[in-house]
Every structure is written in structure tokens, then in C-alpha cells.
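Undergrad: what would the 3D arrangement of this be:
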Amino acid sequence: MIRVWGITMNQEDKAAALSHIAASYSRTDDVLDTKLLKPIGKAGSENEPVYYDVVQDTEADAAAAAAADLPLAFAQPRPSQGDTPTDGSSDDGLVRYCPPASYDAREFTMLRLYDMTPRLIKSVMSELDLRHEDFPFRLSVKEQEIVELTQKPNEPKAPLLAMGRSGTGKTTCIVQRLFHQWCQARDEMKHTPDIAKPMRQLFVTASPTLKDQVAKQFRKLQAAVLSPEEMARVAAATAREYHSLSCIPDEAFPLFLSNHQYLRMLDATVRQPFFRNRDPLTCAILDEVDAADQLEIAWDLEAEAEQDSTDAIATGQPVAATRTASGRRRGRRQAHSDNSGAASGAMHELTYALFERLWSRLDSGIVRDDSERGKKGLESHLVFQEIMSYIKGSAEAIDSDAGILSLEEYLSLGAKRAANYNQELRTVVYSLMQSYQRQKAQHRLYDRPDLVHHLHKQLKKDGYQGIAITHICRDEVQDFVQGELLLDLLVLGPQHAGQLFYCGDTAQSIARGVGFRFTDVKSMLIQQHHQLIQKHRIQVAEPQLHRLDVNYRSHAGILDVANAVVSVMQEYFPLSMDRMPRERAFFDGPQPLLLGEVSADEVAILTSGGKRRRRVEFGAHMVLLVRTPEAKEKLPQGIRSSNALIMDVVSSKGLEFDDVILVDFLSSLPDGKHWRVLLSYLCNELETHIAVKAKQEAAAALAAELGGDAAVLLSALTAQLNSRHELLKDVVLSQVRVGLGAKLIF
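TA: Numbers count the residues shown, from 1 in each chain. The predicted model follows:
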């Protein structure tokens, strides 16, 4: 193997490249993940290469080598007789292999290696513009297997599931797999145009920001392959806004969509759409409310709640009675309203923010007030998850006629799948769901499972009517309920049912209302494929689950913190996430720095960009992360008026940054005192024993009060790529005023 470090006609650039080579080789000594290689085979002469394989002394070593993210063999020229062994080699012929490291001491990543092709050489010689053009880089063995995994024409297709923590290469695998498949289809169209069929790939994720970043990276790969004329047609097709999955030109594929776009474009293809008031030419929805209208609805709910309380005081009746009376009044008013909007007449989507406003108005008939609910662990976010993920969003619910599980079906769900509540409290949750359904109808609201159930029912009845889709990929799949994944199978149809690729991490399930485990998804797909086999006589292979555990984004200083958070989550929420091996990093690194109050000058230093030589694929160089969107407005003026990028953790999902400043995470919690529970966990860990009763009580307190906040913290911590450690080491936590909770990390 010949490694080319640079191509230049400039003597100064050559000198710089040589210094970079020396620095890179010097830094390989700091790489943690090295392997000993042994020679295999025999060379015929001294000029032929010697091939090496990973040393495997035991079965454990063999298993580790099989999962190693290194080439299984490489070639090295055989030294002549009398020569001393090469650096890293030993007398018995073993060679220590170190992956090439970044030459920049401020970075903790490996060098990217590219296959040398005529197109790449031409682009480099013509001063490749990385803003508009890029090439696929070399991946690990495990990643390359995911990217190139294909079945022979006569073999059944298998859905692909990839599970890994943040920074382990999931999104990179998606982009390169999409590109690999696209290149294969393009070659087939060139060589066998008479029999080749168009490939139409679909990429879906919850975050619009991540969707845009992935689309941008894929188009840069396309630009390195297509002619300027072809790329111009692609640019024109992708610049258009589409409101339906019909009449989309092939140049627009792969199609990159947010889940919000996907559901509404799919709705435009069914015979009886959920959103009926659409533009007849563009299919654009004409009367769906925006975020500002959502706030007005919330204010209306608050006003109604205050009026009910006032009426109760004036009449001496319980608040529940006045709520029932006002509900009947709203019902009579709405009986005369237009019901031609969405399928049920509802046009306002009920989000978790609105559910919180409705929470105090829900009546289970069993647990009467909020204080009693809190004592039983009936918190709003946990009940919302039960409704969205299980009672209404599960595959069984979406596939039913009513779109809702019966009480008996809900109670029969296994404890591993729906772990929040026992049988007794599930009965109360179901009563709250029924009250929720009544409140939702009274206020002309719909939730996402309502839309998904309507689409599923229409697709099962009439079939998918849009343009043929051959492949569907979802990134951050843990942000979706099972019912949404059922739609993918109906869109693909029996002939493409195996062309699914889902990536995600259940430790980062931070979407409100979503309970997700890969084991449940795998079981659901197996069940659905058995139905396809029986109904259509089509062979579909069982899903293949791949685990990625090498982190290419963060060094060990950050991963040690992230792994500590994961350990706590696994201890207190063992049934709500898939277990994986601890992540491995290539480099040691400084631990995150915990800051107290910072001055305006220090804020200016923190947010000053400095010179950046590297590029970030799916994000930016620096970000200030806050826990919720509302927390942005509470930041000091000095931060808000700076040029720094400010995002909440949910919006930053899937992105990566050089420097991350996590602001006021603990102090912005609704009730930070419950983080004290973790102190007992740490003490017990040190003493190597945990009292079972105390752990159960602590778990109940955490589940009730914190919900997904630990997952939110993990997602924020693992967004960091490198650090400007010469300035302030790794700036991850800033302005934390709940010092007790910080002991979780340090």
C-alpha cells in the first residue's frame, strides 16, 4: 500500500506537508487503540510484500480482532538481510500497527484516508474546493461492511439496523451507503439501460437541521462524480419545494426529508388525505397552524383553566365539575364549526408543550389532583410517553381499526417494553388517556399518532399511490414510534420490504413521548416480514443488527464522562435502553472543565472563534447548548449578543462541533434536588454495594422528576469533536449553579 500525503507543485507546500507527516507519525504513539500484527504467508522474493494479520492468541482476542476497526491485513516491504527491524516491530516479527493520527496537536482525531482515483487526482491538481465537492473516505472494516452490505439478486433482502453512541459513525455510514447504492444504480443505467430500473432513495430524520447537513454532504459527493451539466440539473431539481411524493423528478433523489415533511408529503398521495385543505396545484397545506398559533392555543388553555377555577370558587363546586361544564359548552360550539379540515376536523397538532397545559385538566376518575399523581409517579412526560409510544403509537395500535389499544391489550404489554408503570398504575394511565382524548377533541387538536393511523389505514386500503420508492433510511431512529416505521414498509411495498436502513442510539432518546428499543423494532420487523411471506409469498431475510463502539468524534476525556452518564442510566433505567459495550476512543484527552459564574470578558473569550483549519461535516465549530428552547431567552445579554451559535440540545441532535459550551443544564431543571439521588449511587459504587430498596426508591424519584434529562445531558456531552484546550481545556459545562449535581460527572 502506498500512502500519498499530498500533491503539490509548490515547494513551500511540500515542506509543510513533510512537517505534517512527521507530526502525524509522532502522534501515533499517543493512540490508544493499537494492534500487534503478525506476518502471514511467504514472500517469493525480497521485493515482494509481506502480509500481516491481527494477533489472535485466545478466543477473546479473536472476537476482538473480528470486531476491530482496522484492516485485517496490510502490506509492508520485506527488509533486506542485515537490516534492523522497522519501527514498532519486534524480534519475533510482530509489528505494532498505529492508525495515522491528525498532525494538529489541538485535535484528537485520526487522519482521513482516501482511495486514489483519477477523478480525485484531477480534483486535487485543480485545487479541490471542499465547500462544493468531496470524495468518500476510507472507513473501518465494520463501517465498510455496513456501507457495502448487499445481497445477491436471488437472495432475500435484509433490513439493516445500526446501533451506536453519538460519534461512532452512524450518519457517515448512512451517507456513504446512500452514495454507494446511488453509484451502483448509475453504473447499471449506463451499461444496461434496457433492464435497469431507477433507484429512488429516501432519507428521513426528525431534525430539519440534521436533514439539511446530510443532504449537503451527499450533494458534495455527487459533485465529484457528475458533470457540471448533470449537477446543474440536480441542483435545479433539489431546489424545488415538494409537497407530495408524486411527480418528483429522478434528479431530486435521494430525497432528504424531515419527518414532518415526510408525513405530510405522504398524506398528499392517499385518496382521503388527513389534511384536506390543500392547494390544488402544489398540494401545499393551506390551513395548518405554525408555532405562533400553538402558543395562542396554549394561552387559551391557560385562560380556560383560570376561568374554571374562578367559576369553582364562585359556585362552590369542585373544579372538575366546572371543567366538565365548560367542556360541554365548547362541544356545543364546535358542533356548528366546519369539520372539513383534517380527517377529524382538527387542524392544530398537540405537542408535548400543549399536553403540559392540558395535564392539570385531565381527569382519570381515580386519582383526583396533581399532588396525588406526583406521589404515585404519574408525571406528565411519562404519561405522555405511554400514550404516544404504546397506547396509540405502537405497531399494534396503529394496525388496529380504532388506532388505540384496548385496556386489556395495554395491560398485556410486557414490562420490558413498557417499563414506566405497573399494572395498577397502567389502569390509571389509561383513564387519563381517555380524558386526554376528550380534551383533544374539544379543542380541535390532533396528535402525531392520529395522523400516522390515518395514513396507515389509507395505505392498507388503497396501497401507496405515490412515486415508487426503493430504499428508506432513517437517522436518529429512536425519535420515532413504531407506528411510523410501519408506514415505511407500506411505502416500499413487498418487493422492496428489505431495503430499510435504520441508525440510532437508545441512550439518546430525548424526544418527548417516544419510548424506543432496537430489540422491539427488530421483533416488529420480523413479525411484519412473516406476514409478507404468508400473504405475498415473498422471501425477506431477518433484520441484521450491527453495533458501532469506536468513537471517532471525541477523545477519552469526554467519553469517560459520557460513559459515566450511560452507566447511571443503565443502573436506574435498565429496561429503557439497549446495552452496548463501552465506547472506545483513539486518544486520551483533558477532562471537561466545570466553570462557575463567568464575566462578560470571559464570555467573549469563550465565544471567540479563532482560526480553524479543519472542517466539520455535520455541524459547526462552536455551539452554546441549553437544555430547552425557552432557556435561550434566559441567557445573559453578553452571550445572546455574541456571534456564537446557540441551540437547544434537541435541535443539535446528530450534529458535531469542535467546542461545546453547555450552559446552566442542572440549574434549569424543574427540580434539581432529585439529582442528589445520584450522590448515593456514587457512594454505593465506591463501597461496591447498593441497597435494593434505596435503589428502587431512587429510581422512582429519578423517573418521576428527571425523565429523559439524563439522555439530554448525554446527547449534549457527546456532541463535541475536539477542544481548544490551549485556551480553556474542554469547555463543556458552563455557569452550573447546582454544584451537587456536578458530582455525577466529576
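Undergrad: ignoring the adjacent residues along the chain, who's closest to Ala206?
TA: In this structure, Ala206 finds its nearest non-sequential neighbour in Asp479, 4.0 Å apart by Cβ to Cβ, 6 or more residues apart in numbering. No exception for glycine: its C-beta is placed from N, CA and C like everyone else's.
Undergrad: give me the pLDDT value at the one you found.
TA: Asp479 is assigned 90 on the pLDDT scale.
Undergrad: count of neighbours near it?
TA: 23 (other Cβ atoms under 10 Å).
Undergrad: next: Ala402.
TA: Ala402 has 9 nearby residues by other Cβ under 10 Å.
Undergrad: could you look up the SS state of it?
TA: coil (DSSP: H, G, I helix; E, B strand; the rest coil).
Undergrad: got the phi/psi numbers for it?
TA: Dihedral angles of Ala402 (phi, psi; degrees, to the nearest 10) stand at phi -80, psi -20.
Undergrad: equivalent analysis for Asp462, please.
TA: Given degrees, to the nearest 10, the pair of backbone angles that Asp462 has is phi -110, psi -10.
Undergrad: hmm, back to that, what about the residue nearest to Ala206, distance to Gln508?
TA: The spacing between Asp479 and Gln508, counted by Cβ to Cβ, to the nearest Å, is 9 Å.
Undergrad: can you give me the buried ones in stretch 413-431?
TA: Residues 413, 417-421, 425-431 are the ones in stretch 413-431 that count as buried (16 or more other Cβ atoms under 10 Å).
Undergrad: quick one: which of those residues sit in helices?
TA: Among the buried residues of stretch 413-431, the members falling in helices (DSSP state H) are Leu425, Arg426, Thr427, Val428, Val429, Tyr430, Ser431.
Undergrad: could you double-check that the fourth one sits in contact with Leu378?
TA: Yes: taking Cβ atoms under 8 Å as the contact criterion, Val428 and Leu378 are neighbours in contact, 6.5 Å apart.
Undergrad: so who does the residue nearest to Ala206 touch?
TA: Thr205, Ala206, Asn259, Gly504, Ser509, Ala511, Val514, Phe516, Lys653 (Cβ atoms under 8 Å, 6 or more residues apart in numbering).
Undergrad: re the thing from before, farthest pair within the buried residues of stretch 413-431?
TA: Greatest spacing in the buried residues of stretch 413-431, by Cβ to Cβ: Arg417 and Ser431 (20.9 Å).
Undergrad: where are the low-confidence patches of the stretch 151-300 of the chain?
TA: 151-154, 288-300 (pLDDT under 70).
Undergrad: what about the strands in it?
TA: Under the criterion DSSP state E, counting those that start in this stretch, the stretch 151-300 of the chain contains strands at 160-164, 201-205, 255-258.
Undergrad: okay, the ones you listed, which one's buried deepest?
TA: Comparing the strands of the stretch 151-300 of the chain by mean neighbour count (mean count of other Cβ atoms under 10 Å), strand 201-205 comes out on top with a mean of 25.
Undergrad: now for that one, which elements pack on it?
TA: helix 170-191, helix 208-223, strand 255-258, helix 259-267, strand 471-474 (3 or more Cβ pairs under 8 Å, 6 or more residues apart in numbering; DSSP states H and E).
Undergrad: and those: which comes nearest Gly463?
TA: Closest among the helices and strands packed on strand 201-205, using Cβ to Cβ: helix 259-267, at 12.6 Å.
Undergrad: elements contacting the closest one?
TA: strand 201-205, helix 448-462, helix 482-492.
Undergrad: between the longest one and helix 482-492, how big is the angle?
TA: Which is helix 448-462. 30 degrees (axes from the mean of the first three to the mean of the last three Cα atoms, to 10 degrees).
Undergrad: output the contacts of Asp479 as a markdown table; include the columns distance to Lys14.
TA: Below are these laid out as a markdown table (distance: Cβ to Cβ, whole Å):
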| residue | distance to Lys14 |
| --- | --- |
| Thr205 | 42 |
| Ala206 | 47 |
| Asn259 | 49 |
| Gly504 | 45 |
| Ser509 | 50 |
| Ala511 | 51 |
| Val514 | 53 |
| Phe516 | 52 |
| Lys653 | 42 |
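Undergrad: of these - the most surrounded one?
TA: Thr205 (28 neighbours).
Undergrad: that residue and Glu229: what is the separation?
TA: Thr205 is 31 Å from Glu229, by Cβ to Cβ.
Undergrad: just the helices and strands packed on strand 201-205: most buried one?
TA: Most buried among these, counting by mean count of other Cβ under 10 Å: strand 471-474, with a mean of 24.
Undergrad: so for that strand, what's the average pLDDT?
TA: If you average the pLDDT over strand 471-474, you get 96.
Undergrad: contacts made by that strand with the rest, please.
TA: 174, 177-178, 181, 199-205, 480, 485, 488, 491-492, 496, 499-504.
Undergrad: which strands border it, and is each parallel or antiparallel?
TA: In the sheet, strand 471-474 lines up against strand 201-205 (parallel), strand 500-504 (parallel) (DSSP bridges).
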